[in-house]
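Chemist: Coordinates for the following, if possible.
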Amino acid sequence: MYENSAQDIIKAKEGDEQAMTTLVQNNSGLIWSIVRRFKDRGYELDDLYQIGSLGFIKSIRRFDTNFEVQLSTYAVPYILGEVKRFIRDDGPIKVSRSTKELCVKIREIQKEYFNKKGVEIKIDEISKILDVSKEEIAAALDSVNCVDSIYDLNYKDDKEGNILDKIPATEDNEKSLVDKIVLKDAINRLNERDRKIILLRYFRGSTQSQVAKILGISQVQVSRIEKKVLSNMKEMLTV
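Modeler: All right, here's what the predicted structure looks like:
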């Protein structure tokens with residue numbers, strides 16, 4: 001993977017168009033490796049490449065050369081998020097603004113409730129809070145569901161789950177590298193306790209009870225923390 005020049009990054013952040021163009025060209029392989037994941041979705045890959053390039057440019061503008069991470073690592077969630085948002089917002093089924101706004105309110109309630117109580121809020125409870133029928137809530141959530149991604153997280157129960165779906169053996173090395181970069185970056189952003197829980201649960205195969213003993217907390221606490229962390233990681237990975 002291309003190692004970007006700190007000097008080029010600084011120039012690009014300061015508005016040097018040539019430096020920006022150079023960075024985009026030098027990282028075209030990275031952008032293409034992400035864009036190709038969305039083939040057969042009804043979009044021209046060249047168009048998605050342009051969208052992915054916008055995500056890469058956004059990452060440059062927000063990147064700090066003092067970060068202890070390579071630009072290519074930092075850029076992956078931005079590229080991925082930009083393409084996913086484009087596909088979601090430009091989908092074949094057009095969603096009204098009012099429906100989208102309702103879904104935002106629902107998501108905020110779901111997140112707040114989950115963070116406080118560690119369990120999913122029921123639709124009838126959301127219905128009472130927003131004074132909207134259960135049918136409208138279900139329709140709103142279904143209409144704006146994001147495109148499925150290998151980065152979607154399974155945090156709906158206490159059983160063993162996956163942070164990333166299994167990658168087919170036919171994936172090339174570059175795509176596998178992108179997967180590892182995204183996951184490593186997300187894990188590195190966690191605090192020490194949360195990172196230890198994720199590593200023990202998903203990389204060492206420890207049960208929640210085993211993790212609880214190691215950390216000196218209850219299994220219920222581990223369950224709640226794990227769900228919250230996975231939810232937060234999902235937000236990080238989708239930008």
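Chemist: Tell me the gap between the helix or strand where Gln221 lies and the middle of its chain.
Modeler: Element membership for Gln221 (DSSP states H and E) is helix 219-238. Distance, stretch centre to chain centre, for helix 219-238: 13 Å (CA atoms, centre = their mean, to the nearest Å).
Chemist: May I have it as PDB, with CA atoms only?
Modeler: Coordinates of each C-alpha in helix 219-238 appear next as PDB, following Å, rounded to 0.1, in the frame of the first residue of the first chain:
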ATOM      1  CA  GLN A 219     -21.400 -11.300  33.400                       C
ATOM      2  CA  VAL A 220     -24.400  -9.000  33.000                       C
ATOM      3  CA  GLN A 221     -22.000  -6.000  33.000                       C
ATOM      4  CA  VAL A 222     -19.900  -7.700  30.400                       C
ATOM      5  CA  SER A 223     -23.000  -8.200  28.200                       C
ATOM      6  CA  ARG A 224     -24.100  -4.600  28.500                       C
ATOM      7  CA  ILE A 225     -20.600  -3.200  27.800                       C
ATOM      8  CA  GLU A 226     -20.100  -5.500  24.900                       C
ATOM      9  CA  LYS A 227     -23.400  -4.500  23.200                       C
ATOM     10  CA  LYS A 228     -22.600  -0.800  23.700                       C
ATOM     11  CA  VAL A 229     -19.100  -1.200  22.400                       C
ATOM     12  CA  LEU A 230     -20.200  -3.100  19.300                       C
ATOM     13  CA  SER A 231     -22.900  -0.500  18.600                       C
ATOM     14  CA  ASN A 232     -20.300   2.300  18.900                       C
ATOM     15  CA  MET A 233     -17.900   0.400  16.600                       C
ATOM     16  CA  LYS A 234     -20.700   0.100  14.000                       C
ATOM     17  CA  GLU A 235     -21.000   3.900  14.000                       C
ATOM     18  CA  MET A 236     -17.300   4.300  13.700                       C
ATOM     19  CA  LEU A 237     -17.100   1.900  10.800                       C
ATOM     20  CA  THR A 238     -20.000   3.500   8.900                       C
END
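Chemist: Which neighbouring elements make contact with that helix?
Modeler: helix 71-89, helix 97-117, helix 173-188, helix 192-202, helix 208-215 (3 or more CB pairs under 8 Å, 6 or more residues apart in numbering; DSSP states H and E). Backbone N, C-alpha and C define where each C-beta goes, glycine included.
Chemist: Return the most buried member of the ones you listed.
Modeler: Highest mean neighbour count among the helices and strands packed on helix 219-238 (mean count of other CB atoms under 10 Å): helix 71-89, with a mean of 21.
Chemist: related to what we said a few turns ago, now the helix holding Gln221 and helix 192-202, what's the angle there?
Modeler: Put simply, helix 219-238 runs at 90 degrees to helix 192-202, going by axes from the mean of the first three to the mean of the last three CA atoms, to 10 degrees.
Chemist: Helix 219-238 relative to helix 97-117, how many degrees between them?
Modeler: Here the directions of helix 219-238 and helix 97-117 differ by 150 degrees (the same axes, to 10 degrees).
Chemist: Would you agree Ala19 is in contact with Ala12?
Modeler: Yes - at 4.3 Å, Ala19 counts as touching Ala12 under the criterion of CB atoms under 8 Å.
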